[in-house]
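>>> A structural model of the following input is requested.
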Amino acid sequence: MNLRQSLSALFAIAMLAAGGPALAQDEAISLDPSSLDAEGNATADAGEESVLRGTVTADAWQDLGIAIASFATNQDVPTPANADGTASLGHELARVVFADLRNNGLFRPVGPDALPRPSYAQITAPSWRTWQSQSAEMLVHGYVRANNDGRLTVGCYLYDVILEEELVREGWIVSPAEWRRAAHKCADLVYSRLSGESPFFDSRIAYIAETGPKERRIKRLAIMDSDGANHRFITNGQSTALTPRYSPDYSRIAYLSYVDGNPRIYVYDIGTGQQTLVTQSSNPTFAPRWSPDGRYLLYSMAVAGNTDIYRVPSAGGASIRLTSSPAIEVGGSYSPDGTQIVFESDQSGTQQCYTMNADGSNQRRISFFGGRCATPEWSPRGDQIAFTHIVGDFHIAVMDTNGRNMRTLTNGWQDEAPTWAPNGRIIQFFRSERNTGNASIWQVDLTGENERRLNTPVGASDPAWGPVLP
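Next up is the predicted model:
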């Protein structure tokens, strides 16, 4: 049995187990939970769709022909989301889905610019012969419809062209300003159904935006969608901002700011725009990191030449020192279950990675390969640790949580500060150029073979990938 037949058989079994398709409304971007029936109309019930689970190699998935057609509309009308109307918006929706699936390194889809445009009626009744003639094995259909209340209904469908069957569907009611979220959720739906992996496209990234000459660089806190869209600056650059991190519930961002030359850890509330001062000190302070429950922040502080890791309530309060060796301990990162912390230390004489219990006990070195180990970050899956491997140049690498099976993923001159995608399959980092020091954000998947630069309006460093949006 070839790959195509194997996949079709697995999809057929999964559909039988699911008891038929269902389309659950995403409540995070809609005020009204609902589902869509086969004609794309809202209904009262929202069932659960089973997900195909399994592991297939990246090369195998790249051989799978996925066609992503332009999203249709029942009536081409003006919308604040697109000055040219819902028909044009439908094409842009499909383009975003195409870009998401193409750029993740797992699939090689064909986008709407190179495909026939289906009619609105064909969204739920595909022209199978048309897509078979396009050598498509999987088909993504969708539509966008303007609602009377000013919002948009966006539907997304995945079909098996060979079996001529629907695999999964889902729909969302969104404000015009959030149409891209619906596209990312459609991409997540397709990605998760085909790969068995958790979604990650509907997420956001915080980073440090850099402008100005190398000697007088201005560093501002900024946020954007996972694909670089919807960019905005959070701070004005009057004080240097560093090392942002999203809270687990996406409501806040912790970051380091230098006001009057003194390092302060702030928590920025995304909803209200208010900032809370968590710690301030005349001592050098580094790298705030959230606990998985959002109650605490880890940070490092140098006192009398000795740098240790501390824990402080995220709302502010007294700090507790977790390390006490006469060495430099920096950059703690919690395991997903909150029981372990990975950090870097030079207590063995060189910069290496260690783990310890969440209370600071049972410290043990885990990196014993050549070179140095810095900026470790625990995977959201809990099975690996990403870090900066320093062997002359700086590279991004991963290892098991016990330090074994180390693999180098990048080969730049200065690649550092890894941050994980919410599903633990892709790592973002920043890359600095020789001589100029200009920085940019890049990402690479765990194969190390799909590396790409993320577009930002200015120079970019210290990326922090947040969880999937609620």
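
>>> domain boundaries for this structure, per the record?
When the chain is parsed with automatic domain parsing, its domains come out as 3-195, 203-468.

>>> lowest average confidence across these, which one?
Comparing mean pLDDT across those, the weakest is domain 3-195, with a mean of 78.

>>> need the domains of the chain in CSV with mean neighbour count, can you?
Glycine gets a C-beta too; all of them are placed from N, C-alpha and C. Formatted as CSV, the domains of the chain follow (neighbours: other CB atoms under 10 Å):
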stretch, mean neighbour count
domain 3-195, 19
domain 203-468, 18
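
>>> which residue sits farthest out from the middle of the chain?
residue 304 (38.5 Å; CA atoms, centre = their mean).

>>> what residues are up against that one?
For residue 304, no residue meets the contact criterion (CB atoms under 8 Å, 6 or more residues apart in numbering).

>>> against residue 284, how distant is it?
Using CB to CB, to the nearest Å, we find residue 304 at a distance of 11 Å from residue 284.

>>> what do the two both touch?
If you check residue 304 and residue 284 against CB under 8 Å, 6+ apart, no residue is contacted by both.

>>> phi, psi for the residue nearest the centre of the chain please.
Centroid check for the chain by CA atoms, centre = their mean gives residue 421 as the closest residue, at 3.8 Å. Note on residue 421: its backbone torsions stand at phi -60, psi 160 [degrees, to the nearest 10].

>>> if I look at it, how far off is residue 386?
In terms of CB to CB, residue 421 sits 11 Å off from residue 386.

>>> overlap in contacts of the two?
residue 427.

>>> quick revisit: and the residue nearest to the centre of the chain, how far is that from residue 381?
Counting by CB to CB - residue 421 and residue 381 are separated by 10 Å.

>>> swap in residue 435?
Residue 435 is 38 Å from residue 381, by CB to CB.

>>> show me the helices in this structure, by range?
3-18, 58-62, 86-103, 128-133, 179-195 (DSSP state H).

>>> what's the third one packed up against?
In terms of contact count using 3 or more CB pairs under 8 Å, 6 or more residues apart in numbering; DSSP states H and E, helix 86-103 is assigned the packing partners strand 66-68, strand 138-146, strand 152-160, helix 179-195.

>>> need the ones you listed in a markdown table (columns: distance to residue 314).
Putting the helices and strands packed on helix 86-103 into a markdown table (distance: least, CB to CB, whole Å) gives the following:
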| stretch | distance to residue 314 |
| --- | --- |
| strand 66-68 | 41 |
| strand 138-146 | 39 |
| strand 152-160 | 35 |
| helix 179-195 | 27 |
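
>>> is residue 382 in contact with residue 401, as I believe?
Yes - with contact defined as CB atoms under 8 Å, residue 382 and residue 401 form a contacting pair (7.5 Å).

>>> what residues are shared contacts of the two?
Common neighbours of residue 382 and residue 401 (CB under 8 Å, 6+ apart) are residue 335.

>>> tell me the contacts of residue 111?
68, 94, 95, 98, 99, 102.

>>> now those residues in CSV, with distance to residue 237?
CSV is the format used below for the contacts of residue 111 (distance: CB to CB, whole Å):
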residue, distance to residue 237
68, 39
94, 37
95, 33
98, 35
99, 30
102, 34
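
>>> and the furthest pair within those residues?
94 and 102 (12.0 Å; CB to CB).
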